[in-house]
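Novice: Here is the input, now give the coordinates:
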Amino acid sequence: MNRLPHVAISGELGSGKSSVARRLAQLYSMRFVSTGDIQRSMAKSLNLSTLETNWLAERDDMIDSQVDQVTRDLGASAEPIVFDSRMAWRMVPKSFKVHLIVDPTVSAVRLHQTRSSPTEQYESRNHARDLAEERYQSEQRRFLSTYGVDVFQLRNYDLVIDTSTAPIELVTDTVRLQLEAVIAESDASARRPRLFVQPRRILPDSADWAKESPSADTPQVAYSRPTFCSISGHSGVLGAIARDESLIEVDLVAEGAEPLHSGGPTVRQYVDQLAFAAWTSRWNEEYGLHHPPVGPSVGG
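Specialist: Below is the predicted model:
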């Protein structure tokens, strides 16, 4: 691949996907298209909130059909486009697929600080967190029902970045570096999903983490939203924390309803058990993500 592909940027609410998508479009002088803007315009014309529009879309496919057709038509063009969209990764299959994730508490702070419009109103951080979770549940049901896919499954994407504490410049630069690596590849199939996570979000897999020496090893992790846990290489996580890094690259072993090991519990079951482990509380107290800084430039 020697030319810019379409770039489809999706993400959790408050992850900064719109901000990153706009910056990337500016960086490469690419056209920017937001399907969220299209949906918000439709919501305004219907005198509905964004959440109410999502509920309507669960019952009536008219909204998704209109947005999908616009996305497909644009994706068929030769002009490279940056899509700010939760479904463009599927509607434009040859795009470079990016997904942004964020700690739910950080998301709530960002939404409360930066969002205020006729279609999106948040009275407090707790209110923002509750509504964000409602939208997550609504969108997950809707996209599973309409398309048969879980848009929040990390394996759908070429690149996943946790924006919880990463400055928007770092997030954009990480996307840029991975995109340019893809452009340089003669064989696009050589691409593999890449995952960059805030190390303080990664729980240890045993009480022995305190005995490990920090290292630069690439950790292997499992994921059940919103929790990451180490499967191996947790010393690499300790190393990243010691270096005060906002992001560490990790390898995803399994997620959600996938079995952690052959014949073993699912990741979701394992994470639920891990939540009650004594060392989990100790880890969170000593290394967990506490009151992370939230930059005013990050949102979307």
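
Novice: For the closest residue in space to residue 68 that isn't next to it in sequence, which residues are in contact?
Specialist: Once flanking residues are discounted, residue 68 sits nearest to residue 91: 5.8 Å by Cβ to Cβ, 6 or more residues apart in numbering. C-beta here means a position set from N, CA and C on the backbone, and glycine is covered the same way. With contact set as Cβ atoms under 8 Å, 6 or more residues apart in numbering, residue 91 has these partners: 68, 71, 72, 75, 85.

Novice: What is the nearest of the residues you listed to residue 44?
Specialist: For the contacts of residue 91, the residue nearest residue 44 by Cβ to Cβ is residue 85; the value is 18.4 Å.

Novice: could you list every residue that touches the closest one?
Specialist: Taking Cβ under 8 Å, 6+ apart as the criterion, residue 85 is in contact with 8, 9, 10, 33, 34, 35, 36, 71, 91.

Novice: can I get those residues in JSON lines with secondary structure?
Specialist: Formatted as JSON lines, the contacts of residue 85 follow (DSSP: H, G, I helix; E, B strand; the rest coil):
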{"residue": "8", "secondary structure": "strand"}
{"residue": "9", "secondary structure": "strand"}
{"residue": "10", "secondary structure": "strand"}
{"residue": "33", "secondary structure": "strand"}
{"residue": "34", "secondary structure": "strand"}
{"residue": "35", "secondary structure": "helix"}
{"residue": "36", "secondary structure": "helix"}
{"residue": "71", "secondary structure": "helix"}
{"residue": "91", "secondary structure": "helix"}
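
Novice: quick one: which of those has the most company?
Specialist: Using other Cβ atoms under 10 Å as the neighbour criterion, residue 9 leads the contacts of residue 85 with 32 neighbours.

Novice: partners of that residue in the sheet?
Specialist: For residue 9, the beta-bridge partners are residue 84, residue 98 (DSSP bridges).

Novice: so where do the strands sit in the stretch 151-300 of the chain?
Specialist: Assigned by DSSP state E, counting those that start in this stretch, the strands in the stretch 151-300 of the chain fall at 159-162, 194-197, 202-203, 220-224, 227-232, 248-255.

Novice: Rebuild those as a markdown table, extending it with distance to residue 282.
Specialist: As requested, the strands of the stretch 151-300 of the chain are exported to a markdown table (distance: least, Cβ to Cβ, whole Å):
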| stretch | distance to residue 282 |
| --- | --- |
| strand 159-162 | 22 |
| strand 194-197 | 20 |
| strand 202-203 | 11 |
| strand 220-224 | 19 |
| strand 227-232 | 15 |
| strand 248-255 | 21 |
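
Novice: looking at these, which is closest to residue 18?
Specialist: Closest approach to residue 18 among the strands of the stretch 151-300 of the chain is made by strand 159-162 (14.4 Å; Cβ to Cβ).
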